[in-house]
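[1] Take this sequence and fold it.
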Amino acid sequence: MARLRENLRELIDCGLPTALEVMGERWSFMILRASYNGLLHFEEFLTELGIARNILSNRLARLVSHGILRREPCADDRRKIEYRLTGKGLDLLPALVALRQWGQKYGEEVVENPVLVDARDRQPIGPVAILSHDGRVLAAEELDLIAPEEIGLREDGSRSDRSAQFGGVSGCGQVARPPASQAAA
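    Residues are numbered from 1 along each chain as shown. This is a model prediction of the structure:
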């Protein structure tokens, strides 16, 4: 089986350029982190992040236009606007946590306070990992790029059972979700 390499000049055949177009600078991630921490209002972001008003306005508008946040009138004062995470915004949490963990691992004198923990057991979360279709943690050397029509075709020519794939995902480009039994455990 021939090994493929991504066409690095093509920006449309990969999700990374799309993601970077939306989130590829510091303030977008800092706003996203603040949203995960419960901030909702423009003035809260402004005060807590120490960001310039014009930059905040621009980044919030961009995050709304890309469906990461949504604007809603405040329930108790319809003149005020709340910025709430969408499902698309919540799907960025693993990327945000992975970047946070990387910064803690390689940053100088980074002390985790507060500590990000599992809400049930109150223990620090494990490292964000790349999972196979069946839940195995994969190292970089265990990854390959293949043509979509070769999904499930092993190097020895045999086929893997696509119906047993992680969370029922059988197509490429889909988000894998742990089975309900693992998510609830």
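
[2] Just the helices from the protein, written as ranges.
    For the chain, the helices defined by DSSP state H occupy 15-23, 26-36, 42-49, 53-65, 87-90, 93-106, 180-184.

[3] between the longest one and helix 15-23, what angle do the directions make?
    With axes from the mean of the first three to the mean of the last three Cα atoms, to 10 degrees defining the directions, helix 93-106 sits at 90 degrees from helix 15-23.

[4] For Pro178, give me the pLDDT.
    In this model, Pro178 is scored at 51, pLDDT.

[5] circling back to that earlier point, closest to Leu138 out of the helices of the chain?
    Smallest distance to Leu138 across the helices of the chain (Cβ to Cβ): 14.2 Å, for helix 93-106. Every C-beta, even on glycine, is put in place using the N, C-alpha and C of the backbone.

[6] Check which helices and strands the closest one is in contact with.
    Contacts defined by 3 or more Cβ pairs under 8 Å, 6 or more residues apart in numbering; DSSP states H and E place helix 93-106 against helix 26-36.

[7] how about 10 Å then?
    Where contact means 3 or more Cβ pairs under 10 Å, 6 or more residues apart in numbering; DSSP states H and E, helix 93-106 is packed against helix 15-23, helix 26-36.

[8] Run the angle between the longest one and helix 15-23 for me.
    In this case it means helix 26-36. Going by the same axes, to 10 degrees, helix 26-36 is angled at 80 degrees with respect to helix 15-23.

[9] Mind giving me the packing neighbours of helix 26-36?
    Judged by 3+ Cβ pairs under 10 Å, 6+ apart, helix 26-36 is in contact with helix 15-23, helix 42-49, helix 53-65, strand 69-73, strand 81-85, helix 87-90, helix 93-106.

[10] tell me the contacts of Leu138?
    With contacts defined as Cβ atoms under 10 Å, 6 or more residues apart in numbering, the neighbours of Leu138 are Ala129, Ile130, Leu131, Ser132.
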